[in-house]
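> One predicted model, sequence on top.
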Amino acid sequence: MEELTELTISEAHKGLKDRSFSAVELTKAYLEKIKEKNKEIFSFLAVTADLALSQAEKADSLILQKKEIPILTGIPCSIKDNILVEGLSCTAGSKMLKNYTAPYDATAVKKLKSQNAVILGKTNLDEFALGSSTENSAFGPAKNPHDLTRVPGGSSGGSAAAVASHSSVFALGSDTGGSIREPASFCGVVGLKPTYGAVSRYGLIAFASSLDQIGPLARTAEDCRLIFDAIKGKDEMDSTSVKAENFVRSKSKPLKDLVIGIPKEYFVEGISLEVEKIIKKAIKKYEEMGANIKEISLPHTKYALACYYIIAPSEVSANLARFDGIKYGFSSEAESLLDVYSRSREKGFGPEVKRRIMLGTYALSSGYYEAYYLRAQKIRTLLKQDFEKAFNHDGVDVIFAPVSPFLPFKIGEKIEDPILMYLVDIYTVSVNLAGLPALSLPVDKAGNLPVGLQIIGNAFEENKILEVGKSYENN
Ligand code: GLN
C-alpha cells in the first residue's frame, strides 16, 4: 500500500478513524518502506519493528473502543537517537554509548506515547549532535534522499531523511545551532525549532544546555503544529521549561497586516547564488500574497558564529565530562583510574567531539575565560537585543532568512575542514543564542536539491510562524 506512506498526520488520522486502514497496516507500510530505503539512506540506526507493531495493535484497539482518539494515535514516527526511549538503545551517534539502553522516556517521548503514537525507530545523527551533515556519526553518514551523493544535513539528518524518504510520518529532532532547520532545508521537509523552554529537554542527551531544544520534522507546517502541541509544556523535570501560552504577546494575523523583516546582513557575500535567488523569490511571493516587506538590521550578526563556537563547545566540554568510562557506556581497560578516563575518552569519542571538548576546555580555562567565554556571553546579549529591537521597536511580526547559505553539499566535501563546516551554520545559530523559535519551510528546488526559507518569530510565537508557513503551502 504505497499511498499510505504519502499521508499527512491529519489524513492518516482520518483514515484510521474511518477504518479505511488500521494502525497495524499503516505501520507495516512504513516498515516496508524503511526496509527498502534504509540500506541506501541509512536514516535509521535502529528499527524497532516489534515495539512499533505492538503500539499499533494497542492503537487499533483504542480506535475500536472509542469515538474520540488523540490526533497522534497510531501515527508512525521516529526519534533522533539522542532522545531517550525507555528500553531502547540510545547511542547519540557515538561509540561511547553503543551499548547504552535508555532507562526512562524523555518527556517529549512520554507525551507522544500518551497519545499512542507508534515508534518505528531511532534516527542517525552527528555524534552527540555536533555537526551539520551527519558525517560525524560513528556509524556512518545518512544520505540525502534527493541525491545519494549528498549530505542530508545535520545533526538531525537521519530524522529529516526519514521523513523525506517517506519512511516516517514525522520525526523528533534536536536543534542547538540549526540541527532541525538545516537538515529540514536540505531534505525538503518542514522543521520547527521551538522557543527555548517551550519543550522539555528532560531525556535529551545534553549538548549545550542553554541552546538545546527538541522539535518536530514533518511534511507540512500543520503537522509540525500538531506535534509541537503534543510535546510542548512545563515539565517539573526541566526547570527551564515553561507553559508557552503564558508568554504569547500577539496572535496570528492575516497576511495583509503582517510585516516581514528582511535583515540586510543576511544577504551579503558568502551566500550561494542559487539559494539567494530562491529565497528572494519566496519573499516576492509573500509580497504578492499581500504581506508587507521591511528591511531591518541585525547589526551584530557578524559575530554570531564566533560567539556560538565559543559558547557551544564550552557547554559541551562540561556536559560530556560525564562520559568517563565509569558512569556510562564504553570503558577501556587500563592500569589506573586516570588511564580509564583518558583511554575511554580517547577511544570512545570521534574527532569532532574531541575538537569541541578541547576548544571548550580552553575557552573556560583560567586566564582565558574572560577573553573568550565571558565576551561571547556579552555578544549573546547584543544578538538578543538585535532581535528584540526588530520585533518590539521596528514592529516586524516575523523575520525571513535563508536556512543555509549553501545547497546540500557532497558527502566528503567539507568534513576535512571544520571551519568550512561551521560556516554552514551562519544563519541558524543566532536564533538559538537568542532563544527564539524558527521554522524551515521548503520553498523551491535548485535542480533536484531542496531549499528552505527560515521564518523566525518572537519568543513563544510558534503559532504565528506556523501560520505564515501554512499560507505559503496553501498558495
Ligand atoms: N551544526 C551546529 C554544530 O555543529 C549545530 C548542531 C546542532 O544544532 N545540534 O554545533
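Ah, there it is.

> Show the contacting residues for N458.
By Cβ atoms under 8 Å, 6 or more residues apart in numbering, the contact set of N458 is R249, S250, F387, F391, D397, L436, K464. For glycine as for every other residue, the C-beta is placed from the backbone atoms N, C-alpha and C.

> pLDDT value on E2, please?
The predicted local confidence for E2 comes out at a pLDDT of 51.

> Which parts of the stretch 101-250 of the chain are strands?
The residue ranges that make up the strands of the stretch 101-250 of the chain, judged by DSSP state E, counting those that start in this stretch, are 118-123, 170-175, 190-193, 213-218.

> Tell me how many other residues surround R322.
Applying the criterion other Cβ atoms under 10 Å, we find 11 residues in the vicinity of R322.

> and if you look at the one 3 residues further on?
The burial count assigned to G325 is 23, neighbours taken as other Cβ under 10 Å.

> Now do it against the ligand, distance only.
From G325 over to the ligand the distance is 24 Å, taken as Cβ to the nearest ligand atom, to the nearest Å.

> And P408, by the same measure?
The spacing between P408 and the ligand, counted by Cβ to the nearest ligand atom, is 14 Å.

> contacting residues for that residue?
Contacts for P408 (Cβ under 8 Å, 6+ apart) come out as N144, H146, D147, R150, V151, P152, G153, F186, C187, L449, P450.

> go on, V403?
Counted by Cβ under 8 Å, 6+ apart, V403 has contacts G178, R181, E182, A184, S185, Y427, T428, S440, V451, G452, L453, Q454.

> For the first one, which non-adjacent residue is spatially closest?
Think G178. Closest residue in space to G178, ignoring its immediate chain neighbours: T428 at 2.8 Å, by Cβ to Cβ, 6 or more residues apart in numbering.

> who's sitting farthest from the centroid in the protein?
In the chain, counting by Cα atoms, centre = their mean, E335 sits farthest out from the average C-alpha position, at 41.1 Å.

> and that residue, what are its phi and psi?
phi -80, psi -40 (degrees, to the nearest 10).

> ok, now how distant is it from G261?
Using Cβ to Cβ, to the nearest Å, we find E335 at a distance of 60 Å from G261.

> Which residues of the protein lie near the ligand?
Among all residues of the chain, those adjacent to the ligand (criterion: Cβ under 6 Å from any ligand atom) are 129-132, 155, 175-179, 207, 312, 425.

> Counting neighbours, which of those residues comes out on top?
Of all the residues of the chain next to the ligand, S179 has the most neighbours under the rule other Cβ under 10 Å, reaching 36 neighbours.

> Please tell me I have it right and that residue contacts A129.
Yes: under the contact definition of Cβ atoms under 8 Å, S179 touches A129, with a separation of 5.7 Å.

> residues shared between the contacts of those two?
The contact sets of S179 and A129 overlap at S155, S156 (Cβ under 8 Å, 6+ apart).

> I419 and the ligand, how far apart?
Taking Cβ to the nearest ligand atom as the measure, I419 falls 12 Å from the ligand.

> An error on my part: the question was meant for T195.
If you measure T195 against the ligand using Cβ to the nearest ligand atom, the figure is 15 Å.

> One more: T101?
From T101 over to the ligand the distance is 23 Å, taken as Cβ to the nearest ligand atom.

> Now for the most centrally placed residue in the chain: which residues touch it?
Central residue of the chain (Cα atoms, centre = their mean): I180, 2.1 Å from the mean position. Applying Cβ under 8 Å, 6+ apart, one finds that I180 lies in contact with S156, S159, G173, S174, G191, L192, K193, G215, P216, L217, S440.

> Once you drop chain neighbours, what's closest to the second one?
Spatial nearest neighbour of S159, excluding adjacent residues (Cβ to Cβ, 6+ apart): A171 at 3.6 Å.

> I figured the one you found was touching R219, is that so?
No: assessed by Cβ under 8 Å, A171 is found out of contact with R219, at 10.6 Å.
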